[in-house]
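[1] Coordinates for the following, if possible.
(one chain, ligands or ions: 1)
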Amino acid sequence: MSFSLIPDYSFPDICKVTPEFLKEKGIRLLLLDLDNTMAPYGTVVPTREIAEWAENIRKSGVKTFILTNNNGSERVKALSEALGMGYIMGARKPLVTGINRALEKLGYSREETALAGDQIFTDVLAANCAGITSIVVRPIKITSPLLNLRYWLEAPFRALCPNKMDCPR
Ligand SMILES: [Mg+2]
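    I've put the predicted structure just below:
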């Protein structure tokens, strides 16, 4: 449990996080950020690639669950249903309250839980503060100057990640 902005692992995108990797690390619950991790802002239907990835993870026995700061949106509901995942909206990352609620609701320990997301200052910080494994991915789409600035500010922390999983195929 630490107040750290450095992710434990970094991946180019969420589909590169494999069942084999999760199994090797002892991860049985994968909490997932939604916006720009699994779907670009504004979309309501997951891509085929994401849907297949989610199915593959689920088949491997790893529980997946959406933890989004997005609040009260029908879009969250639609995407979660399409992906066959439960969700918590308004998670208020980087606060750990959403993560704690998810762990309590689903009954997993911190040691067997990871959170994957595209933002250092919300997803990674929340995971590290909660004492679960933090995984950062690149945002799917940087659509505004503000997102670009944030990505630029995050760069040093992404660079400091000790386990960069570039996954050559
Ligand atoms: Mg996000």
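
[2] List the contacts of the residue nearest to residue 29 when sequence neighbours are not counted.
    In space, and not counting its chain neighbours, residue 29 is closest to residue 108: 4.1 Å by C-beta to C-beta, 6 or more residues apart in numbering. For every residue, glycine as well, the C-beta is placed using N, CA and C. By C-beta atoms under 8 Å, 6 or more residues apart in numbering, the residues touching residue 108 are 28, 29, 63.

[3] Report pLDDT for the residue nearest to residue 49 when sequence neighbours are not counted.
    Excluding its sequence neighbours, the residue lying closest to residue 49 (C-beta to C-beta, 6+ apart) is residue 15, at 5.8 Å. Residue 15 is assigned 97 on the pLDDT scale.

[4] And for the longest helix anywhere in the chain, what's in contact with it?
    Criterion DSSP state H: the longest helix present in the chain is helix 145-159. Residues from elsewhere that reach helix 145-159 (C-beta under 8 Å, 6+ apart): 5, 6, 7, 10, 36, 119, 120, 121, 124, 136, 139, 142.

[5] show me the residues around the closest residue to the fourth one other than its chain neighbours that make contact.
    Nearest-residue entry for residue 10: residue 161, 4.3 Å, with adjacent residues in sequence omitted and distances by C-beta to C-beta, 6+ apart. With contacts defined as C-beta under 8 Å, 6+ apart, residue 161 is in contact with 6, 7, 8, 9, 10, 136.

[6] would residue 161 count as being in a helix?
    No. Under DSSP: H, G, I helix; E, B strand; the rest coil, residue 161 sits outside any helix and is assigned coil.

[7] So what does it look like in phi/psi?
    Torsion angles at residue 161 (phi, psi; degrees, to the nearest 10) stand at phi -60, psi 130.

[8] and what of the one 3 residues further on?
    Dihedral pair for residue 164: phi -90, psi 110, per degrees, to the nearest 10.

[9] that older thread, buried residues, the longest helix of the chain. List them.
    147, 150, 151, 154, 157, 158 (16 or more other C-beta atoms under 10 Å).

[10] I'm done for today, thanks for sticking with me.
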